[in-house]
Every structure is written in C-alpha cells, then in structure tokens.
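**Q** All I have is the shape, not the residue letters:
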C-alpha cells in the first residue's frame, strides 16, 4: 500500500517532467535568432566609481556585433521609503555620457529596485506616498541622462494593486521624456494556481499568474522575465521549462511591447539553481523552440543576460553561438 501511495504522489511530478522534456524536443527554427533587441544587466560598479573609461571601452568591445540594445545599470537601491539618495550613484551621469559616446545606438536604463512588502519588511507599494517617492526617483534617473527606467522589485505578489498603480504613475513620466519604462518580472505559473499553493505553503511568491503578467506587460514598454533559479535538475528540463515560459509570456505580452527572456550569466549550485542544469546553451535552445512554436515572426523579442559581473567567457561565447550567429 505504501508503494501505491508513493506512486500516486509521484505521478504528477513525473508527468510534469515528461511534458517539459517533450517541450525540449525538436530542432529550433533557423529564424529564431536575435532581433537586435537583447539586454544585459550591469552591476553597481558602473555608477559608484569603481569603473573608468577603460572599462567602458572594454564593454563596447564585448558588445560589438551582438544583439544587445539595452543596458540595465544598477543605479539604486531604493530606500525602503521609495526615495533614491544621490550618494549611492555618484558616477551615474559620467557613465551615461561615456556609454553614449562609446556605444552609439545602445540605450542605457537606470535599474532601480528593492525588496517588497508583505513578504519583506521593506518597500510598501500599496502606500501612495511611497509610490510618489519612487516616481520622483524615476525622474532623478532620467535627469542623469538615462534613456529609461528599469524596475526590479521583488517579490511582488500577483494581485498587488500598488505595483500596477506605480506603473500607471511612472509611465507618463518616461513617455514625456521619450524614455522607456521596463520591468523585470517573475516566471509565469507553470501549473494552474501554483503561485497560490507556493505562498500558502512557504509564504514566498515565486510565480505570477499569466493574467497578472499581462496586466503588467500592458503598462510598460519592455518586460524581462527572470527565467533562471528554476529548480530544474537537468539541462533538458531547464530548456523545456524555458520553452514553455517563452510561449506563456508571448501569449500574455502585447506585440508592441518588448519581451525579453532571461538567461543565467552566473554560476550557482544549490537548491533552486543547479549550475549543471541552468546553462546558457539549454536556456537559449528552449527559448528558440518556444519562439518558433508560438510566434516566430515576433519582432519585439530578445533575451536578457544576467549579470555582467558574474559572466564567464563561456557564457558570452554560448550566447553568441546559440542566439546571435
């Protein structure tokens, strides 16, 4: 009897694994390649004085003949009340000016973020004065010469009215400057109501339901899905998971909004992120399969590379070979 109970318990897991493995089957379309709308997250060293002109020149060489169009430069973090102290980014304007000279045609976006209530004792997006201070921080970033504002606030639970209200408040600010509003978004529920189950069991929100993802995507110019830290134990399952996430995100994102699927340019080996499984190769192959199956002609599509300071030469080589070539 115990073996029967165990088999019944494991059946859904096995079925899900088989479904993801099947998502990874087949050959990607040759047309599922970069559209020249990729992005890379850059660490805080670019705005706090640790980087100089030689580093910008190296960055320009690194990005030459790739599909990267946007740089998300860590310009925060925001204070828990939503404000942005100028002291945390003393060299931000230097970087925007240097990057615009060395990287013509590439947009430089100020990456702002913080942890979020109720899961963390931090930013309260349901509070209107806090949202006003975040909006003021967005204006500060644009005043420094950034071409856009990129929000990465975690973990936002699906259904948060404050998050959507913040986007509605900031979008006219960026649009009025001819700038972009972009966001980093969680993965989409791979199974119905998985976010509800996870919050109930662990008090941690990892996924968004697809409807809430769509509500966010309609309010921004660009949305980047953090398709890493997936807990997938093998490369084929991670690739299949990326294929499925790509299809779900394409379905939920308006065609005039840039959709970027994240790739792990870093190494960790722990529960939640198995380094041998979450590879750039597997991630790209899955993204290409998902794009080819759902919307091969989608032009406003790319990949997001996270993160520059942890990236290896192999990561960059795999990106070029798998996605750019």
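**A** Okay, I see it. From a predicted model like this one, the values you see are computed outputs, not experimental measurements. Numbers count the residues shown, from 1 in each chain.

**Q** mind listing the strands for the stretch 101-250 of the chain?
**A** Secondary structure of the stretch 101-250 of the chain (DSSP state E, counting those that start in this stretch): strands located at 107-115, 148-154, 180-185, 187-188, 207-208, 222-225.

**Q** any chance of these in JSON lines, with mean neighbour count, distance to residue 63 and mean pLDDT too?
**A** Any C-beta I mention is one placed from the backbone N, CA and C, and that applies to glycine too. JSON lines is the format used below for the strands of the stretch 101-250 of the chain (neighbours: other C-beta atoms under 10 Å; distance: least, C-beta to C-beta, whole Å; pLDDT from 0 to 100):
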{"stretch": "strand 107-115", "mean neighbour count": "23", "distance to residue 63": "12", "mean pLDDT": "98"}
{"stretch": "strand 148-154", "mean neighbour count": "24", "distance to residue 63": "17", "mean pLDDT": "98"}
{"stretch": "strand 180-185", "mean neighbour count": "24", "distance to residue 63": "18", "mean pLDDT": "98"}
{"stretch": "strand 187-188", "mean neighbour count": "25", "distance to residue 63": "26", "mean pLDDT": "97"}
{"stretch": "strand 207-208", "mean neighbour count": "24", "distance to residue 63": "30", "mean pLDDT": "94"}
{"stretch": "strand 222-225", "mean neighbour count": "27", "distance to residue 63": "17", "mean pLDDT": "99"}
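
**Q** and residue 254, what does it touch?
**A** Contact partners of residue 254, counting by C-beta atoms under 8 Å, 6 or more residues apart in numbering, are 217, 218.

**Q** go on, the one 10 residues further on?
**A** Under the criterion of C-beta under 8 Å, 6+ apart, the neighbours of residue 264 are 228, 229, 273, 278, 279, 280, 283, 306.

**Q** Dihedrals phi and psi, it?
**A** phi -80, psi 100 (degrees, to the nearest 10).

**Q** For it, give me the pLDDT.
**A** What the model reports as pLDDT for residue 264 is 98.

**Q** Mind listing the residues bridging to it?
**A** Under DSSP bridges, the beta-bridge partners of residue 264 are residue 306.

**Q** how near is it to residue 209?
**A** 24 Å (C-beta to C-beta, to the nearest Å).

**Q** Redo the contacts of residue 264 as CSV? Include distance to residue 46 and pLDDT.
**A** Shown next, in CSV, are these (distance: C-beta to C-beta, whole Å; pLDDT from 0 to 100):
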residue, distance to residue 46, pLDDT
228, 21, 96
229, 24, 95
273, 25, 95
278, 25, 98
279, 26, 98
280, 22, 98
283, 25, 98
306, 15, 98
